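**Q** Requesting a structural model of the entry that follows:
(one chain, ligands or ions: 1)
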Amino acid sequence: MEFFTIFPSWLLTTALVLFAFFMFLNTLRSNRSSITAPKLPPNPPKLPIIGHLHKLIGKPHHQALWELSKEYGPIMLLHIGSKPFLIISSPAMAKQVLKTQDHIFCSRPLSKAAKRLTYNYLDIAFSPQSDHRKEKRKILVSEFLGPKRARSFNHVLVMEIESMVRVLSSHPANTEVNLSKMLLEMVKEVVCKVGFGKTYRGETINGSSWEEILEEAVVMLKGSLSDNFSWVGETFDIISGWNRKLERCYSNLDAYIQMIVDDHNSHKIAEISEDEKDFVHRLIELSSMENASNHQLTKEDVKALIMNVFTGGIDTTVVAMEWAMSEIARSPRVMQKLQNEIRNNTGRIDNVNELDISKMIYLKMVVKEALRLHSPAPLLIPHECSSHCQIGGYDVFPGTTTVINVWGIGKDPSTWGENAAEFYPERFENLEVDSGGNFEMLPFGGGRRSCPAINTAPTTVELVIANLLYWFDWELPDSLKNKDLNMEEEGSLIIHKKVPLCLVPTKHIWED
Ligand code: HEM
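**A** Numbers count the residues shown, from 1 in each chain. The predicted structure is shown next:
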């Protein structure tokens, strides 16, 4: 009896212990397998050492990545060297990164050029996420892009447009003008006047013009080999002269920015009236104020913010205008319809201003359509994943650089229909799509790292286009047919036309 009672309890205990032990082992194994075998996004076969680098050679990156996404889907994991890159190519996936999980993807990857050119990550655009960065973004919005400065910005913009119209009016009849160059000079003058108080026209630093300094800075910010290939890349950066180039670029950019700061320090800011203070005056003033929030601006912060206005505000805006004018010039139907809207709305006036364009529905559609087809920053600025999460059911790990192909998303026939590649502004007539909140087109990015000029930059572009089309009829140079206008793209972070836009303006004659 005793045996029968003792034996089962002994057996039961042993069985229970063994069961618990196997369960424990099983849990351990399944935990380990979920760590060692996460569900990674699809990825093409890669080569040793270089990873997927060879897949990106020979074409602009946004185009090569779009081709790959057609084969591997809207979320891919690539490796450049040992560094993981998540490539996003659909509105649904972009929404997960830029909205649903924006808090995880709102940082930026570190890079040697960004570190140097942003005074050790003190800027807004290229620095990792931090509270101090967020404060500076607020300052840029309130002191440069917000309503406080809007009046002076629009005033200067209209004056500069008038001056460009004067130059164009005196241009010999039936000859072409380099519109790309004129737009670049005009936007630079506006940004410098509003932001820094004067145009800095003709200033050079160590023999380099501001255009050269700006262009070089944007190219360097694309990154270096050592960002992805650690010590091999570092060796290459030294041998190829990349490091030297970065130092030269930094010292030119810094000297240019220092010149602007020195100009502002040369008078007492307290004696300048509020209306006369430009953005840099305000930054210097803020840097000298006691700040309860522990986010006081340092001298380097001030310089990094000037750098952001310089590198973020000029090229992007010019490129948007350049592509819009290119599309309009090769579509006489759109040009005619747009001119009718502008001229019928205004009648004969001295200039088309912000109030006039607020009524021009077709103009807004034209600019939107140009931004859809030609996002100035086709891959945005790379974001970085800061903690383990899932996107589209796939695991994404911290430190993954995340690239959103807004260029591809903007052209996808599955979103935009069979005529996706066509410049057809009327598509927006029945579409509730704006340039920010919808993920079908994202020329200004989205979420916490979206462009802070998202509400103001489109108006700047519209105002310039409206004036150019109000005053002039535009034709392609002699031998060119509409479809022959060169629309090739060039650039890295910002994509401009490979061949500058040259057009023939004819001043519009009003019938009495
Ligand atoms: C048509 C004109 C413009 C376009 C298309 C444009 C586009 C963009 C894009 C795509 C981004 C990256 C967004 C992301 O990574 O998610 C960006 C960021 C930024 N843009 Fe613009 N931009 C324009 C004008 C301007 C202007 C006038 C300024 C003025 C200073 C500016 C300042 C910035 C800054 C500071 C950032 C970084 C934002 C952050 O990381 O928090 N942009 N812009």
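
**Q** out of everything not next to it in sequence, what's closest to the residue in the chain that the ligand sits nearest to?
**A** At 2.3 Å from the ligand, Gly445 is the closest residue in the chain, using C-beta to the nearest ligand atom. Quick note: C-beta positions are derived from backbone N, CA and C, even for glycine. Among residues not flanking Gly445 along the chain, Leu380 sits closest, at 4.7 Å (C-beta to C-beta, 6 or more residues apart in numbering).

**Q** Kindly report the same for Leu297.
**A** Using C-beta to C-beta, 6+ apart and skipping the chain neighbours, the partner closest in space to Leu297 is Ser287 (4.0 Å).

**Q** what's the answer for Lys99, then?
**A** Gly447 (6.1 Å).

**Q** Correct me if wrong: the one you found contacts Phe105.
**A** Yes. If you go by C-beta atoms under 8 Å, Gly447 and Phe105 touch, sitting 7.4 Å apart.

**Q** between these two, who's got more neighbours?
**A** More crowded of Gly447 and Phe105, by other C-beta atoms under 10 Å: Phe105, with 28 against 18.

**Q** doesn't Val97 make contact with that one?
**A** Yes. Proximity of Phe105 to Val97 meets the contact threshold set by C-beta under 8 Å, at 4.9 Å.

**Q** shared neighbours, the two?
**A** In terms of C-beta atoms under 8 Å, 6 or more residues apart in numbering, Phe105 and Val97 are both contacted by the residues His383, Thr402, Gly447.

**Q** before we move on, back to that, quick one, what contacts the residue nearest to Lys99?
**A** Counted by C-beta under 8 Å, 6+ apart, Gly447 has contacts Val97, Leu98, Lys99, Asp102, Phe105, Cys106.

**Q** From those, pick the one nearest Gly81.
**A** Phe105 (21.5 Å; C-beta to C-beta).

**Q** contacting residues around that closest one?
**A** Val97, Leu98, His383, Glu384, Cys385, Ser386, Thr402, Gly447.

**Q** what separates it from Phe153, distance-wise?
**A** 31 Å (C-beta to C-beta, to the nearest Å).

**Q** how near is the residue nearest to Glu143 when sequence neighbours are not counted to Ile75?
**A** Once flanking residues are discounted, Glu143 sits nearest to Arg282: 4.7 Å by C-beta to C-beta, 6+ apart. Separation of Arg282 from Ile75 (C-beta to C-beta): 42 Å.

**Q** Repeat that for Val280.
**A** 42 Å.

**Q** okay, the two: which has more neighbours?
**A** Val280 (25 against 22).

**Q** excluding its backbone neighbours, what's nearest the more buried one?
**A** Closest to Val280 by C-beta to C-beta, 6+ apart is His264, at 4.8 Å.

**Q** The one you found: how many residues sit nearby?
**A** Based on other C-beta under 10 Å, the number of other residues close to His264 is 22.

**Q** From what I see, Ser375 and Pro443 are in contact.
**A** Yes. With contact taken as C-beta under 8 Å, Ser375 and Pro443 are classed as touching, separated by 4.3 Å.

**Q** quick one: common contacting residues for those two?
**A** Residues touching both Ser375 and Pro443 (C-beta under 8 Å, 6+ apart) are Val406, Gly410.

**Q** who's more crowded, those two?
**A** In this view Ser375 and Pro443 are compared by other C-beta under 10 Å, and Ser375 has more residues nearby, 30 against 26.

**Q** part of a helix, is the more buried one?
**A** No. Using DSSP: H, G, I helix; E, B strand; the rest coil, the assignment for Ser375 is coil, not a helix.

**Q** Please give me every residue in contact with it.
**A** Ser375 touches Val406, Trp407, Gly410, Met441, Leu442, Pro443, Ile495, counting by C-beta under 8 Å, 6+ apart.

**Q** Apply 6 Å and report the result again.
**A** Val406, Trp407, Gly410, Pro443 (C-beta atoms under 6 Å, 6 or more residues apart in numbering).

**Q** which SSE is the third one in?
**A** Take DSSP states H and E as the rule and Gly410 turns out to sit in helix 406-411.

**Q** That helix vs the ligand: in contact?
**A** No. Using C-beta under 6 Å from any ligand atom, we find that helix 406-411 stays clear of the ligand, coming within 7.1 Å at best.

**Q** Okay, strands next: where are they in the stretch 401-512 of the chain?
**A** Along the stretch 401-512 of the chain, counting by DSSP state E, counting those that start in this stretch, strands occupy 401-404, 472-475, 489-491, 495-497, 502-507.

**Q** Deepest-packed of these, please.
**A** Between the strands of the stretch 401-512 of the chain, strand 401-404 has the highest mean count of neighbours, a mean of 24, where neighbours are mean count of other C-beta atoms under 10 Å.

**Q** and that strand, what does it pack onto?
**A** strand 83-88 (3 or more C-beta pairs under 6 Å, 6 or more residues apart in numbering; DSSP states H and E).

**Q** Return the distance of the strand it packs on from the chain's centre.
**A** 18 Å (C-alpha atoms, centre = their mean, to the nearest Å).

**Q** Report the buried residues of whichever helix or strand comes after that strand.
**A** Heading C-terminal from strand 83-88, the first helix or strand you meet, by DSSP H and E, is helix 91-95. Residues of helix 91-95 classed as buried: Pro91, Met93, Ala94, Lys95 (neighbour count, 16 or more other C-beta atoms under 10 Å).

**Q** For Asn120, state which of those residues is nearest.
**A** Closest to Asn120, out of all of the buried residues of helix 91-95 and judged by C-beta to C-beta, is Ala94, at 30.6 Å.

**Q** What sits closest to that closest one if chain neighbours are left out?
**A** Phe439 (4.6 Å).

**Q** Check that neighbour and give its pLDDT.
**A** Model confidence at Phe439, given as pLDDT, is 93.

**Q** That one: how many residues sit nearby?
**A** Count around Phe439 with other C-beta under 10 Å applied: 23.

**Q** Equivalent analysis for Asn178, please.
**A** 12.

**Q** residues contacting it?
**A** Pro500, Cys502.

**Q** run the last query once more with 8 Å
**A** Pro500, Leu501, Cys502.

**Q** same deal with His496?
**A** Ser180, Asp315, Val318, Val319, Glu322, Pro376, Glu489, Glu490.

**Q** what's the answer for Gly491, then?
**A** Pro60, Val218.

**Q** Bridged to it, which residues?
**A** Beta bridges link Gly491 to Ile495 when assigned by DSSP bridges.

**Q** oh, and call the first residue 6 from now on, that's how I've got it
**A** Taking 6 as the first residue, the last one we looked at is Gly496.

**Q** Roughly how far does it sit from Lys503?
**A** Distance from Gly496 to Lys503, by C-beta to C-beta: 9 Å.

**Q** wouldn't the residue of the chain closest to the ligand be in contact with Pro383 here?
**A** No. Counting by C-beta under 8 Å, Gly450 stays clear of Pro383, with 11.4 Å between them.

**Q** Of those two, which one has the most company?
**A** Pro383 (27 against 20).

**Q** quick one, what contacts the closest residue to the more buried one other than its chain neighbours?
**A** Nearest residue to Pro383, sequence neighbours excluded (C-beta to C-beta, 6+ apart): Trp412, at 3.3 Å. Counting by C-beta under 8 Å, 6+ apart, Trp412 touches His67, Gln68, Trp71, Ser380, Pro383, Leu384, Ile500.
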